[in-house]
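>>> Quick one, structure for this:
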Amino acid sequence: MTYDFTPLFRSAIGFDRLARMAGNAANAQAMPSYPPYNIEKTAETDYALTMALAGFGPDDVEVLQEDNTLVIRGSVPENTRDREWLHRGIATRAFERRFVLADHTEIDQAELQNGLLTIVVRQVVPEAVRPRRIPIVTGNGVPGHQNVAASAYAGTQHAA
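Residues are numbered from 1 along each chain as shown. Here you go, the predicted structure:
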């Protein structure tokens, strides 16, 4: 399925990346379900991603932030390969999960405790990106712009 983003481009500026992300999401394959995870909003700008990683240790998991993508990779722990299993219900297979992060998002910390990997994500909007009021200047206040009415008025003042 292909989406046409032409109407968006008629009334918006700088949303190329957003359109690309939406197109990629629409074309993506079904997301894997392993390992299971939760995403929780813990404060106005804070989030927590929690993954169930039973059998994995800190050396078996890699957490990376690549541009606006959070990548979590897990490799099979070495000590489980040489065992003879009678029943194996706890999955410890290799995995890679990717999460798209919003702009101005940073990873605060990652902690593995009791088989749960918790990653704290914070959205930090820089001052330059926050809304700001634009002053409106009248008359000759705009560089390179001359108010014709003000110039004519100034000319009549000198003539009198």
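>>> OK, contacts around the residue lying closest to Pro77 once chain neighbours are set aside?
Leaving aside its chain neighbours, Pro77 sits nearest to Asp60 (5.1 Å; criterion: C-beta to C-beta, 6 or more residues apart in numbering). Any C-beta I mention is one placed from the backbone N, CA and C, and that applies to glycine too. Contact analysis of Asp60 by C-beta atoms under 8 Å, 6 or more residues apart in numbering lists Gly74, Ser75, Val76, Pro77.
>>> Likewise for Phe56?
Gly74, Pro77, Thr92, Leu112, Gly115, Leu117.
>>> Now render those as TSV, adding pLDDT.
Listed next are these as TSV, based on pLDDT from 0 to 100:
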residue	pLDDT
Gly74	93
Pro77	70
Thr92	79
Leu112	94
Gly115	91
Leu117	96
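>>> So which of those is the closest to Glu40?
Leu117 (13.5 Å; C-beta to C-beta).
>>> measure the closest residue in space to Glu62 that isn't next to it in sequence to Arg98 for me?
Excluding its sequence neighbours, the residue lying closest to Glu62 (C-beta to C-beta, 6+ apart) is Arg73, at 4.5 Å. Look at Arg73 and Arg98: by C-beta to C-beta, to the nearest Å, they are 10 Å apart.
>>> all strands of this protein, in order?
For the chain, strands defined by DSSP state E occupy the ranges 37-41, 46-52, 61-66, 69-74, 95-100, 105-113, 116-123.
>>> distance of Arg122 from Pro77?
Distance, Arg122 to Pro77, by C-beta to C-beta: 30 Å.
>>> repeat for Arg98
Going from Arg98 to Pro77 by C-beta to C-beta gives 22 Å.
>>> What is the nearest of the contacts of Phe56 to Glu84?
Set against Glu84, the nearest of those by C-beta to C-beta is Thr92 (15.4 Å).
>>> correct me, but that closest one touches Ala52?
No: with contact defined as C-beta atoms under 8 Å, Thr92 does not count as touching Ala52 (11.5 Å).
>>> Settle it for me: which of those two has more neighbours?
Thr92 (19 against 14; other C-beta atoms under 10 Å).
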